[in-house]
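*Asks:* Could you look at this predicted model? Sequence included:
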There are 4 protein chains.
Amino acid sequence: MCAEALDAVVRGLYGEFSAFRGTGKVADYIPALAEVDPGHFGVVVHTLPGHVTACGDADVLFSIQSISKLFTFTMAFAGRGESIWKRVGKEPSGTAFNSLYQLEAEAGIPRNPFINAGAMVISDMLLADYPDPMAELLAFLHRLTGDESIGYDQHVYQSELEYGMRNASLAYLMKSFGNVQNPVDEVLRFYFKQCSIRMSCRQLAQATQFLANQGMNPLTGRAILTPSQTKRTNALLLTTGLYNEAGDFAFRVGIPAKSGVGGGIAGIIPGQLSVVTWAPGLNTIGNSQLGIDFLEEFTTRTGLSIF
Amino acid sequence: MCAEALDAVVRGLYGEFSAFRGTGKVADYIPALAEVDPGHFGVVVHTLPGHVTACGDADVLFSIQSISKLFTFTMAFAGRGESIWKRVGKEPSGTAFNSLYQLEAEAGIPRNPFINAGAMVISDMLLADYPDPMAELLAFLHRLTGDESIGYDQHVYQSELEYGMRNASLAYLMKSFGNVQNPVDEVLRFYFKQCSIRMSCRQLAQATQFLANQGMNPLTGRAILTPSQTKRTNALLLTTGLYNEAGDFAFRVGIPAKSGVGGGIAGIIPGQLSVVTWAPGLNTIGNSQLGIDFLEEFTTRTGLSIF
Amino acid sequence: MCAEALDAVVRGLYGEFSAFRGTGKVADYIPALAEVDPGHFGVVVHTLPGHVTACGDADVLFSIQSISKLFTFTMAFAGRGESIWKRVGKEPSGTAFNSLYQLEAEAGIPRNPFINAGAMVISDMLLADYPDPMAELLAFLHRLTGDESIGYDQHVYQSELEYGMRNASLAYLMKSFGNVQNPVDEVLRFYFKQCSIRMSCRQLAQATQFLANQGMNPLTGRAILTPSQTKRTNALLLTTGLYNEAGDFAFRVGIPAKSGVGGGIAGIIPGQLSVVTWAPGLNTIGNSQLGIDFLEEFTTRTGLSIF
Amino acid sequence: MCAEALDAVVRGLYGEFSAFRGTGKVADYIPALAEVDPGHFGVVVHTLPGHVTACGDADVLFSIQSISKLFTFTMAFAGRGESIWKRVGKEPSGTAFNSLYQLEAEAGIPRNPFINAGAMVISDMLLADYPDPMAELLAFLHRLTGDESIGYDQHVYQSELEYGMRNASLAYLMKSFGNVQNPVDEVLRFYFKQCSIRMSCRQLAQATQFLANQGMNPLTGRAILTPSQTKRTNALLLTTGLYNEAGDFAFRVGIPAKSGVGGGIAGIIPGQLSVVTWAPGLNTIGNSQLGIDFLEEFTTRTGLSIF
């Protein structure tokens, strides 16, 4: 599909779906997120040749929340390789995204790196690998986007810390099994800072280009992951990137993606493009409802699925 | 990749992996399966233009077991459309393939159509849709393969019936929730007959061509599923086709596939080819160990993954 | 407490609690039970010296349902001794009375003989021990009560059979683990016949005298259980006799007892008396609500608890 | 049974069972407990008239661990009455004593006050009720025993704190459900101090006299609990006092009791006596193996069971 045609389809769909702004329910487990205007809606499609179609609130910063798990995972996978799988699995969780049950039954090994427990284990690895892992993560995002303004939201971070009892419970449980090596407080602080990073659809679409591009950052020409690692990361995103809705999302949309409770979804069509949507209203599972609906129609109309 | 090059890669890999014949443990939950020679190894790659590379025991008949779920699902999805999702889910199971736990917690709705409970619900649908669903299933396979010799193994069927207590337990549990409508005995008999169907790698690679071909049976030029349904079926296979190992298989191999405890694996690369392996030795999760190892190397060397 | 005083307390309490007839919800999982008039209320207190206080519907026959588990357990324990504990546990279930979860997690060994799964294992034992175990059970009840009219209700039995899918699921699961040895159909038929036995409060209070009397049937002077076995059976009733409400019942009432969804409760005060209540309205856990309320006040006013 | 006869039975049994000193495995989840000599064995029987039979290591101090739950529960029940049941249940746990599963499934309400989670909720109550609850608890024990030397072991306390990740996980989980109101750190510190209290068999047998004595402390003549509360506490001990072994203990021994991983067991025969054993070797469930064996034989020979 040529750039003009793709551009027209995206803009047309954006217009159609704008009528449904405000669908779903804004995350309210922390006060700082509950304040977000549910009417926001942004879409960016960024093709490998570098053509960008940006619609609506494409440049408004939002809390990327669990989309950050994609970047911390990439750092750990790039740095440690296959050895990370001793401490975290590759399978869908099959239950709610913060459930303690499987974690207990499986001796503190989280199901995959894209659920909260898994991302905390990844955080624990990065705490061991870098003297200042948060600075390293931000520097990584700066290199991926060419934009050094990306940072995290202190207000959201403090709110996460205050209401993060359940994540503390997960972290202590994993520590009791020996799968968290740093002090739980440090792991939680780093983890909540990641969740509080603010980015726009445009920045995220740029930052995820390497996953569409066999692992190479197009801005620098440097490899972030090997082609094989990239393919594997995309496979992992497809099976586990949308919490307990991964199967339904694969069925309806059919592309690797990672969602966050801030309402963002970052999707990849390998070899073709990255696509990011932001609409804060969530469905009952915690994924952006308008985002999923838009993406389903996007892959249907363009025929751009991986299947 | 041209046919000759693909042919060479497949034959080369077959030679390399033949050294590992007998790896894993033959299924022994029923006596009839335990008798199979663990040294068998067959591979068939069947491209959309119709080029077939067949290696080793490519024409030996084996018990397709859960690969049959792919065909019964297709019949139900083609016949009933999206309404089937009221009675069966689309999510990975997250636990052992015949676990009662999730089924009980989720009120008799199986996680997906490719675990035993889900396939029994699909069987229940087909019992309502056809006067003789087993004849219909075999006729479907005959049309897909152009081979009317395909049938089921009475010996395996009787063995399944005799040792099928756990499946009976699942079926009665679903009936108690109202999600099985026909008598449990009829559902089990039909289900066990499906599992007992005997096919070769070559036949299976032909029978699954429609999934690589946007839903069209290349032998007849008739649509089995719509292109959209085909894409969705492939997505479902990727997230749920290998029981509790779906995530790892997607990560390592990266293609939609369905496995069976008979040691077969049928994989699809949409738009390109179907690939079937048979090696009876299973890993601890119940999937063919040599088959998975072969397929991982096959997608790595050819670069033919969907990601 | 002398007979006259006890008599007065029981009659007084019966009068007070009669105002609450109809409390709770009659069991409706099978049509035959749903037809029962919720206004019934009967109480019998039967002391060891043989003094009987009977109030209200003390002589109306009702479906004893799970109270039958007490008698089949006694037969198996008397006949097989401690060896029964290889196939059934002694611990409270901790979940709903027909849950499959623990049964699966614990390899087909039911938590105790007073939940459905446990009583089916006991039934399986009796099927092995007697050519006609149902005739044997009725003969046992005839000896305990001196009343040969006791039988089971064909209408309830047929209804149980028809709606017994969940029990069938439990039985097949246990058979898959090897803990049911007879055909599942036979076990279910025997089990459902037990549940369908009809007795009155007066008959039940007579039939359970041996548990207050160190194991001896006062009508015949013959030992049913040894004193040690009797003590142990009473302990088991206290910890497991009221399904998932055993702890609360022990806390509030403080005596060994067995309940049934027909609305009956049979309680024991070792060395003193048996007490039986019948009121068909159940609480949310499936135990007679008025029965529990009456028994709590009965043990409070008389001081006749075991603690 | 007269005091002399009881004395003789206890001494005889102590002699017989001394041969099995060292049975079981000393708790090793914290280093401070693992250091205890497994050969210790102490028994004290303390009758209501005040006759004490003390054998072996009856005066050696040991870590009472979970037996402390009995005293904190009593303080909360005496102070708050039935309102405590809104935040903690009365049912057996049915799973391992520190399992997160039921706690999550039941929205942060622990099954009963004698599992770790329940005792932490009780601790949270006492933190709200007293400015210095640890001082209050020790003062309570001083009043119950007439011995002001009772304190806690700093070494064990520090060890508990250091290895208490799993309890921290439980506490944070309950806090996420709103069932812990004080800071988790404070709850844990108070909880671990309780566990680290050191007492002898003789002191414990004195301290639990009120449970045999309808709630009255015989040393002071003052009521700790009402007779009704005492009866209920004993019932609760019977159904939940020995973790996941409560049913088996009731079956074999038949008396209310509380155990600790330090190897102590404190039992009550209402209206008659208290009995305390200490032998550090635990069975696989975490209860003193020699203690249970001794108590079974003790109630069998004396006939002093509640059933």
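*Replies:* Yes, it's here.

*Asks:* rest of the way, CA atoms for contacts and neighbours
*Replies:* Will do.

*Asks:* which stretches of the stretch 1-150 of chain A have low pLDDT?
*Replies:* A:94-98 (pLDDT under 70).

*Asks:* switch the cut-off to 50
*Replies:* Per-residue confidence of the stretch 1-150 of chain A (counting by pLDDT under 50) places the weak regions at A:97.

*Asks:* Stretch A:206-226: which residues count as buried?
*Replies:* Going by neighbour count (16 or more other Cα atoms under 10 Å in any protein chain shown), the buried part of stretch A:206-226 is A:206-218, A:224-225.

*Asks:* Now the two most distant members of those residues.
*Replies:* When Cα to Cα is used, the two most widely separated members of those are A:Gln206 and A:Leu225, lying 15.8 Å apart.

*Asks:* distance of whichever residue of the stretch 51-200 of chain A sits closest to chain C from B:Gly271?
*Replies:* Closest contact between the stretch 51-200 of chain A and chain C, by Cα to the nearest Cα, is at A:Ala105 (11.2 Å). Per Cα to Cα, to the nearest Å, A:Ala105 is found 41 Å from B:Gly271.

*Asks:* Between these two, tell me which one has more neighbours.
*Replies:* Neighbours of A:Ala105 and B:Gly271, each counted by other Cα atoms under 10 Å in any protein chain shown, are more numerous for B:Gly271; the result is 15 against 12.

*Asks:* ok so, going back, which ones, among the buried residues of stretch A:206-226, also lie beside chain B?
*Replies:* When these are filtered against chain B using Cα under 8 Å from any Cα of the partner chain, no residues are retained.

*Asks:* Out of these, list just those in helices.
*Replies:* When the buried residues of stretch A:206-226 are checked against helices using DSSP state H, the ones located there are A:Gln206, A:Ala207, A:Gln209, A:Phe210, A:Leu211, A:Ala212.

*Asks:* give me the number of residues near whatever residue of the stretch 51-200 of chain A ends up closest to chain D?
*Replies:* With distances taken as Cα to the nearest Cα, the stretch 51-200 of chain A approaches chain D most closely at A:Ser169, which sits 4.0 Å away. Residues near A:Ser169, counting by other Cα under 10 Å, number 27.

*Asks:* Contacts only, for the nearest residue to it once chain neighbours are set aside.
*Replies:* Nearest-residue entry for A:Ser169: D:Ser169, 4.0 Å, with adjacent residues in sequence omitted and distances by Cα to Cα, 6 or more residues apart in numbering or on different chains. With contacts defined as Cα atoms under 8 Å, 6 or more residues apart in numbering or on different chains, D:Ser169 is in contact with A:Ala168, A:Ser169, A:Leu170, A:Ala171, A:Tyr172, A:Leu173.

*Asks:* pretty sure the fifth one contacts D:Arg166?
*Replies:* Yes - contact criterion Cα atoms under 8 Å: A:Tyr172 and D:Arg166 qualify, at 6.2 Å.

*Asks:* Between those two, which is the more surrounded one?
*Replies:* Taking other Cα under 10 Å, A:Tyr172 and D:Arg166 do not tie; A:Tyr172 has more neighbours (28 against 22).

*Asks:* from the ones in helices among the buried residues of stretch A:206-226, which is closest to A:Met1?
*Replies:* Top of the list for closeness to A:Met1, among those and by Cα to Cα, is A:Ala212 at 16.1 Å.

*Asks:* Mind jotting down where the strands sit in the stretch 1-150 of chain A?
*Replies:* Secondary structure of the stretch 1-150 of chain A (DSSP state E, counting those that start in this stretch): strands at A:25-26, A:42-47, A:52-56, A:62-63.

*Asks:* and these as a markdown table, adding distance to chain B and mean neighbour count?
*Replies:* Below are those laid out as a markdown table (distance: least, Cα to the nearest Cα, whole Å; neighbours: other Cα atoms under 10 Å in any protein chain shown):
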| stretch | distance to chain B | mean neighbour count |
| --- | --- | --- |
| strand A:25-26 | 23 | 21 |
| strand A:42-47 | 16 | 26 |
| strand A:52-56 | 22 | 19 |
| strand A:62-63 | 27 | 25 |
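
*Asks:* and A:Arg232, which of these is closest to it?
*Replies:* Minimum separation from A:Arg232 across those (Cα to Cα) falls at strand A:42-47, 20.6 Å.

*Asks:* which SS class is whichever residue of the stretch 201-307 of chain A sits closest to chain C?
*Replies:* For the stretch 201-307 of chain A, the nearest residue to chain C under the criterion Cα to the nearest Cα is A:Asn244, separated by 21.2 Å. Under DSSP: H, G, I helix; E, B strand; the rest coil, A:Asn244 falls in the helix class.
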